[in-house]
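J.: Build me a structure from this.
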Amino acid sequence: MPQGRPSNVFVKEKVAFNIARMKKGGEDFEIVLKDPDKALEFRQGKEIDPRDFLENLEVWVDAKKGERQSAGKIKLWLGVDNPIDAAKIILRKGELALTEEQRKKMFEVKKTKIIQYIHQNSSDPRTGAPHPVQRIELAMEQVKVHIDAYQPAEAQIEPIIKQLRVALPLSFEKSKFTVQLPVQYAGAAYSTLKKKYALQNEEWQNDGSVKFKMECPAGLKTEIWAVINKLTAGEATIEEEKKQ
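T.: The predicted structure is shown next:
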């Protein structure tokens, strides 16, 4: 360790950006994070061992000054006896400070996930084709969609879709179809499709062929059919279910 700096005092720049804190009963409780990305995933519900994102197993009054919080006050106000449980409470109920770069990264991850969901699960009802990613992104800018970097993307999708409908026609209809793979393709083609897609009601026929049902967003139907035909040299039988 470099001389001149006590072991319980942290570099100022690091503490300013990588701390989670909460205040309870007039007392301050801080933890120092070595991996804010994992800490945020934990905050959003992912099961992660706190040791994977904590700089150390300490709870502080002021981490920058190296002032530890007492075990008695941790027990009194957080209701736990050890720093791991205390860290979980602080991270879930307190404030998480991130750098501007980290916030931007989190924002971009959420934005990409939301755009990909809309692209893959919806279509333009006028054409039946998926909206290009760029068109979705432009529509989001047009209606001034707000994306919260701290909230899971899944929790933001529905309200964003409602907002987008003002500028972008969206259909979330599903296409359902039955596929039968000839015996000469039933092995390799079936295996490839099974790994890539969800197959339903699989039935192996007496002649060695295999039959199954598939369901996908209407906009992806053409793409999936193209994959099936490529794997079977166009010899697969595909029958789309009629809409009720």
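J.: Need the single longest helix in this structure, by residues.
T.: Counting by DSSP state H, the longest helix found in the chain is helix 100-121.
J.: what packs against it?
T.: Taking 3 or more Cβ pairs under 8 Å, 6 or more residues apart in numbering; DSSP states H and E as contact, the helices and strands that helix 100-121 lies on are helix 36-43, helix 133-142, helix 153-164. Where you see a C-beta, it was placed from the backbone N, CA and C, and this is true even at glycine.
J.: any idea how far Asp145 is from Phe172?
T.: Not quite, residue 145 is Val, not Asp. Relative to Phe172, Val145 is positioned 18 Å away (criterion: Cβ to Cβ, to the nearest Å).
J.: Which one's more surrounded, the two?
T.: Higher neighbour count among Val145 and Phe172: Val145, with 19 against 13, using other Cβ atoms under 10 Å.
J.: pLDDT at that one, what is it?
T.: According to the predicted model, the pLDDT of Val145 comes to 96.
J.: again with Gln244
T.: The predicted local confidence for Gln244 is 60.
J.: The residue nearest to Phe107 when sequence neighbours are not counted: neighbour count?
T.: Leaving aside its sequence neighbours, Phe107 sits nearest to Ala149 (Cβ to Cβ, 6 or more residues apart in numbering; 4.2 Å). Neighbour count for Ala149, taken as other Cβ under 10 Å: 16.
J.: Same check on Asp124?
T.: A count of neighbours around Asp124, defined by other Cβ under 10 Å, yields 17.
J.: now it: how far from Val145?
T.: Relative to Val145, Asp124 is positioned 18 Å away (criterion: Cβ to Cβ).
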